[in-house]
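Participant: Predicted structure and sequence below. I'll ask about it afterward.
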Amino acid sequence: MCLLWGIPYLMIKVAVQGVSVPVLVFARTAVGAVVLLPLAARAGGWAALRRRWRPVLFFAGLEIIGPWWLLSDAERTLTSSMTGLLIAAVPIIAVVLSRLLGDTERLGPARWVGLGVGLAGVALLAVPHLGGGTGWSVAEMLLVAVGYASAPVVAAHKLAEVPTITLTAACLTLAALVYTVPATLTWPVEVPPVEVLAALGGLAVLCTAVAFVVFFELIREVGTTRAMVFTYVNPAVAVAAGVALLGEPLTASIVIAFLLILAGSVLATARPAPVPDQPREERASSPAGE
């Protein structure tokens with residue numbers, strides 16, 4: 001999973017050099033839907049999906065339809081390393097959103113420190129790029145991070161009864177339909193270069209269809225919490241791929257920002273250890289026990 005969802009930024013950077021953003025997103029979602037729909041048919045849950053069609057539309061917009069356009073468009077000017085690192089801020093943004101939405105869970109000192117450290121890392125990355133033509137691209141990436149942080153909230157509260165693979169297949173299908181007309185209008189006149197076609201195929205087959213299947217199997221085997229550990233490694237894969245294969249710069253500020261965002265994410269999303277139950281004899285002698 002670290003590899004499958006760490007290399008999309010590299011492939012997107014290559015693909016946008018030869019095709020339009022709508023064509024890229026259409027190819028990725030259409031092929032992913034074709035692969036996942038047979039698996040979703042076996043999983044069932046279509047009745048629940050139809051009952052929840054409004055949250056499904058909202059989830060698809062936050063998770064795929066909006067973010068995949070913004071991400072691809074941003075990479076026309078940003079490096080793949082930069083985009084991968086900005087996406088690493090998703091756990092931090094999720095904590096901020098939960099507070100804004102009325103989450104009453106108390107944030108301890110460590111989690112507040114984590115928020116500050118992580119946001120400092122994001123600022124270290126983003127601020128130097130706010131001027132010129134990359135300012136909008138940075139804003140696009142932050143919107144992507146907000147979408148990725150918000151979508152799981154919708155899924156958890158409104159779509160828990162829908163099997164995940166059925167939900168994913170439906171969202172990919174919906175996104176492919178949304179992008180059909182824009183992709184048709186911007187279809188390349190000539191066949192793109194081989195590297196662009198390879199990047200499109202990798203995005204569609206490996207980073208979308210195969211990745212979601214592996215992700216669901218990983219959750220089934222180790223649980224959601226442990227499965228999500230790979231999100232802390234994805235940025236390192238994105239940076240390594242961009243530096244090694246595209247010759248992107250690896251500066252001290254990039255390394256420091258990555259370490260800050262990683263440390264901030266770990267601290268900001270940490271949960272306090274559960275308080276152990278009192279021994280029976282202590283409970284019996286306590287005022288509450290009386």
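Facilitator: Great, that's in hand.
Participant: so what's Val122 closest to, chain neighbours aside?
Facilitator: Distances taken as CB to CB, 6 or more residues apart in numbering put Ala89 closest to Val122, at 4.9 Å, once the chain neighbours are dropped. C-beta here means a position set from N, CA and C on the backbone, and glycine is covered the same way.
Participant: May I have the phi/psi pair for the one you found?
Facilitator: Dihedral pair for Ala89: phi -80, psi 0, per degrees, to the nearest 10.
Participant: Contact partners for it?
Facilitator: Under the criterion of CB atoms under 8 Å, 6 or more residues apart in numbering, the contact partners of Ala89 comprise Gly118, Leu119, Gly121, Val122, Leu142, Ala145, Ile261, Ser265.
Participant: before we move on, what about Cys171?
Facilitator: For Cys171, the contact set (CB under 8 Å, 6+ apart) comprises Val56, Phe59, Ala60, Glu63, Ile64.
Participant: Would you mind pointing out the helix or strand it falls in?
Facilitator: Taking DSSP states H and E as the criterion, the element that holds Cys171 is helix 164-185.
Participant: Let's verify the nearest residue to Ala110 once chain neighbours are set aside: helix, strand, or coil?
Facilitator: Of all residues not flanking Ala110 in the chain, Leu267 sits nearest, at 5.3 Å (CB to CB, 6+ apart). For Leu267, the assignment made with DSSP: H, G, I helix; E, B strand; the rest coil gives helix.
Participant: And Leu267, how close does it get to Ile92?
Facilitator: Separation of Leu267 from Ile92 (CB to CB, to the nearest Å) stands at 9 Å.
Participant: And for Ala156?
Facilitator: The value you get for Ala156 to Ile92, if CB to CB is used, is 18 Å.
Participant: which stretches of the stretch 151-290 of the chain have low pLDDT?
Facilitator: Counting by pLDDT under 70, the low-confidence segments of the stretch 151-290 of the chain come to 224-229, 271-290.
Participant: show me where it has helices.
Facilitator: With DSSP state H, counting those that start in this stretch as the definition, the stretch 151-290 of the chain shows helices at residue ranges 164-185, 194-201, 211-222, 224-227, 234-246, 252-268, 280-285.
Participant: could the ones you listed be laid out in a markdown table, adding distance to Pro152?
Facilitator: Written out in a markdown table, the entries for the helices of the stretch 151-290 of the chain read as follows (distance: least, CB to CB, whole Å):
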| stretch | distance to Pro152 |
| --- | --- |
| helix 164-185 | 11 |
| helix 194-201 | 27 |
| helix 211-222 | 13 |
| helix 224-227 | 10 |
| helix 234-246 | 16 |
| helix 252-268 | 15 |
| helix 280-285 | 37 |
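Participant: of all the ones you listed, which lies closest to Ala27?
Facilitator: Each of these was scored for nearness to Ala27 using CB to CB, and the closest is helix 194-201 (4.9 Å).
Participant: Please identify the buried residues of that closest one?
Facilitator: For helix 194-201, the buried set under the neighbour-count rule, 16 or more other CB atoms under 10 Å, comprises Val196, Leu197, Ala199, Leu200.
Participant: what residues are up against the third one?
Facilitator: To tie it back to what came earlier, the one meant is Ala199. Applying CB under 8 Å, 6+ apart to Ala199 gives the contacts Met11, Ile12, Val14, Ala15.
Participant: again, only this time at 7 Å
Facilitator: Counting by CB atoms under 7 Å, 6 or more residues apart in numbering, Ala199 touches Met11, Val14, Ala15.
Participant: in what helix or strand does Ala139 lie?
Facilitator: Using DSSP H and E, Ala139 sits in helix 135-158.
Participant: Surely Glu248 and Leu78 touch.
Facilitator: No. In this structure Glu248 lies outside contact range of Leu78 using CB atoms under 7 Å: 10.1 Å.
Participant: the more surrounded of the two?
Facilitator: With other CB atoms under 10 Å as the criterion, Glu248 and Leu78 differ in neighbour count, and Leu78 comes out ahead with 22 against 19.
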